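Asks: can't give you the sequence, but here's the structure:
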């Protein structure tokens, strides 16, 4: 399914049409998004338990993660970052998590994710390819909260993040990612690719 991507902000998207290349009707629906998302914030975690650094741009390295992030460094050292090379969270969920812990909108660095995205449902990108700036990523799983959220957000922080922790991704094609870049559905992974 495709929609007209030339709509103006605030304008309702035109009716979607069936993508003739989609294998099934469900594939067509899974490939239809009302609009592109947008990168609102980027963060790097140079050390596993270290401070999160807010940056304006980051280089995604194919098969590794974000340059300067501890997941990419770990993969480069031979242990492999696997499917959790990059972590993403929806900007809309920062307010939800904050409301659940009674603190207002949570600052992104507190949640220790790499990329905050607004305007697109990240869960819809699980097991799909998507493009952010110059990079192509594959949604590889859910980014579940860790016990550190109890320390960071207070009692119940872990449960406040459940279902709102975001998405993990692998970097398929490297490139520069900047604050303000669009996040777009790119396609479904080819069978047999890893």
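Replies: Perfect, thanks for sending it. Keep in mind that this is a model prediction, so the values were computed, not measured.
Asks: and the most centrally placed residue in the chain, bridged to which residues?
Replies: Nearest to the mean C-alpha position of the chain, by C-alpha atoms, centre = their mean, lies residue 88 at 3.0 Å. Here residue 88 sits in beta bridges with residue 115, residue 167, going by DSSP bridges.
Asks: ok now do it, which residues does it touch?
Replies: 113-117, 122, 143, 166-169 (C-beta atoms under 8 Å, 6 or more residues apart in numbering). Bear in mind the C-beta positions are built from the backbone N, C-alpha and C, glycine included.
Asks: before we move on, what about residue 122?
Replies: Going by C-beta under 8 Å, 6+ apart, residue 122 touches 88-90, 139, 166-167.
Asks: Can I get those in JSON lines including distance to residue 189?
Replies: Converted to JSON lines, the contacts of residue 122 look like this (distance: C-beta to C-beta, whole Å):
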{"residue": "88", "distance to residue 189": "17"}
{"residue": "89", "distance to residue 189": "22"}
{"residue": "90", "distance to residue 189": "22"}
{"residue": "139", "distance to residue 189": "10"}
{"residue": "166", "distance to residue 189": "19"}
{"residue": "167", "distance to residue 189": "15"}
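Asks: Can you add distance to residue 99 and pLDDT and give those back as TSV?
Replies: Listed next are the contacts of residue 122 as TSV, based on distance: C-beta to C-beta, whole Å; pLDDT from 0 to 100:
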residue	distance to residue 99	pLDDT
88	21	97
89	15	97
90	14	96
139	26	96
166	17	95
167	21	97
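Asks: Going by distance to residue 107, which of the residues you listed wins?
Replies: Nearest to residue 107 among the contacts of residue 122, counting by C-beta to C-beta, is residue 89 at 11.8 Å.
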